[in-house]
Structure formats: structure tokens, C-alpha cells
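A.B. asks: Pasting the sequence and the predicted coordinates here, then a few questions.
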Amino acid sequence: MSGQLMRTGTAVFCIAVAGFAVWRSVPVLGYALAERQAEETGDMASLRPFAATLETGALAEAAMQSAITQTQSTGTIEDTVRLLKRQPLSSSAWLDLATARLAAGKGMEEVEQALRLSALTGPNESVPMASRALFALPLWTALPDDLRRRTAQDIAGGWDRLEASDKLVMRLALSNTPAIRTELTALLRQADSMSQARLDDLGLGPAQPEGSMP
């Protein structure tokens, strides 16, 4: 009798565990269906109830935040394009467009196009030069040669406009990238407005003796 009771108790326990697992999986299944529908319609509101559920909370929050970010980026691009239609010679607006395109995950060709137009419309404006330098330096390895030269010119011409914190960020970034340091140093030494004192401030060291290897 006791053996039968034990078997019955074990069976009931297994059924309960299985039922609990199925019950807890229902929100996950529901979330998967709601997420697919949200992706098709673009309406993320249907995911909001799942944000309060343990199993799906993190997934729902991430999906909604991603949708908000993409919408904001798209809105920023559209707003900047409208501004450029009124002010096509605004170098700052072209840089804003490059920034918005990068944030929205657009291709580098589109980012580079806006960056070039910023340089074309404001080649010697110190404030846009400083902003372009901060934007472009982290992208150095992805930039073509002409934009690398342009970035060096922007650093040289916009250096005095950079905040101390921005200069520190540049120094730290360059300290961990020897290849970029070497190439950037050579380009900066060709810039008339980049003195040795500024090179030292950037952490690029003393000038090499004439005739020495770079």
C-alpha cells in the first residue's frame, strides 16, 4: 500500500512540475507571437504587457528601447534633411546628418558623404572642425585616405576649441592605437597650424630628427 501511495505521489509531483513548466512557458510563447506581429506592423505597444513578466521582461524592454532609438534616429535624419534644404551651407547640419546616419546604422558611404559635405561647407570654421575631429577620430580605420587627412586638419584647426575632457579622450584613444598614432602624427606635422607644443599636448611626442625613419 505504501509503495502504491509513493508511486501515486511521485506521479502527481511530476505532473505538477510539468504543468508548472508549461504554465510558465505560456508568456514566452505569447511574447514570441506578439513580437512577430510588432515587427510586421511596427507597433511595439503590444509588447508593453510582457515587460512586467519575469520570463519576457528583459526581452520586451530591449525590443521597445531599440524601436524607440531607431525611430528617434530616423526622426533626426528627417529633421536634419529638412534643415539642410533651408541651410545647405551649414557645416554643422551636415555633421549632424553624418552623426544621425551613423546612429541609425546607415552605411559608411552615407556617413562619409555627409562628413565630406560638412568639411566642404566649413573647411576652416574652428568649432565645426573640433566637432568633426571628435566624430571622425573613432572611425579612423574605416575612413578613406582623404577623410583621414581631413580629420588631421580638423584636429589641427579645432584643437583650441576642444574641451579639456575631449582632449583627454583623444589622448587616451591614441595611446592604445600605435598604428593610428604613427599615421596621424605624420599628417599633423604637415598641418601649418599644428605646432610641436600641440603635438605634445595630444601625446604624440617630440618631432623626429630630420632624415630618421617614421
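C.D. replies: Structure received. Since this is a predicted model, take the numbers as computed values, not measurements.

A.B. asks: Could you pull out the buried residues of stretch 178-198?
C.D. replies: 181, 183-185, 187-189, 191, 193-194, 198 (16 or more other C-beta atoms under 10 Å). For every residue, glycine as well, the C-beta is placed using N, CA and C.

A.B. asks: typo on my end, stretch 119-126
C.D. replies: Buried residues in stretch 119-126, counted by 16+ other C-beta under 10 Å: 119, 121-122, 125-126.

A.B. asks: domain parsing for the protein?
C.D. replies: 70-122, 125-214 (automatic domain parsing).

A.B. asks: In which helix or strand does the residue lying closest to Leu117 once chain neighbours are set aside reside?
C.D. replies: In this structure, Leu117 finds its nearest non-sequential neighbour in Trp94, 4.4 Å apart by C-beta to C-beta, 6 or more residues apart in numbering. Using DSSP states H and E, Trp94 falls within helix 91-103.

A.B. asks: Residues touching that helix, excluding its own?
C.D. replies: 69, 73, 76-77, 80-81, 83-84, 87, 110-112, 114-115, 117-119, 121-122, 125, 127-128, 131-132, 135, 139 (C-beta atoms under 8 Å, 6 or more residues apart in numbering).

A.B. asks: Now do Leu83 against Ile77, distance only.
C.D. replies: Leu83 is 11 Å from Ile77, where distance means C-beta to C-beta, to the nearest Å.

A.B. asks: And those two? Which one has more around it.
C.D. replies: A direct count of neighbours by other C-beta atoms under 10 Å for Leu83 and Ile77 places Ile77 higher, at 20 against 16.

A.B. asks: Contact partners for that one?
C.D. replies: Going by C-beta under 8 Å, 6+ apart, Ile77 touches 97, 100-101, 104.

A.B. asks: which of the buried residues of stretch 119-126 sit farthest apart?
C.D. replies: Spatial extent of the buried residues of stretch 119-126 (C-beta to C-beta) is set by the pair Thr121 and Ser126 at 14.4 Å.

A.B. asks: If you count contacts, what does the helix or strand where Phe135 lies end up packed against?
C.D. replies: Using DSSP H and E, the element containing Phe135 is helix 126-136. Contact here means 3 or more C-beta pairs under 8 Å, 6 or more residues apart in numbering; DSSP states H and E; on that basis helix 126-136 packs against helix 91-103, helix 108-121, helix 145-158, helix 164-175.

A.B. asks: which helices and strands does the second one pack with?
C.D. replies: Think helix 108-121. Applying 3+ C-beta pairs under 8 Å, 6+ apart, we find helix 108-121 packed against helix 91-103, helix 126-136, helix 145-158.
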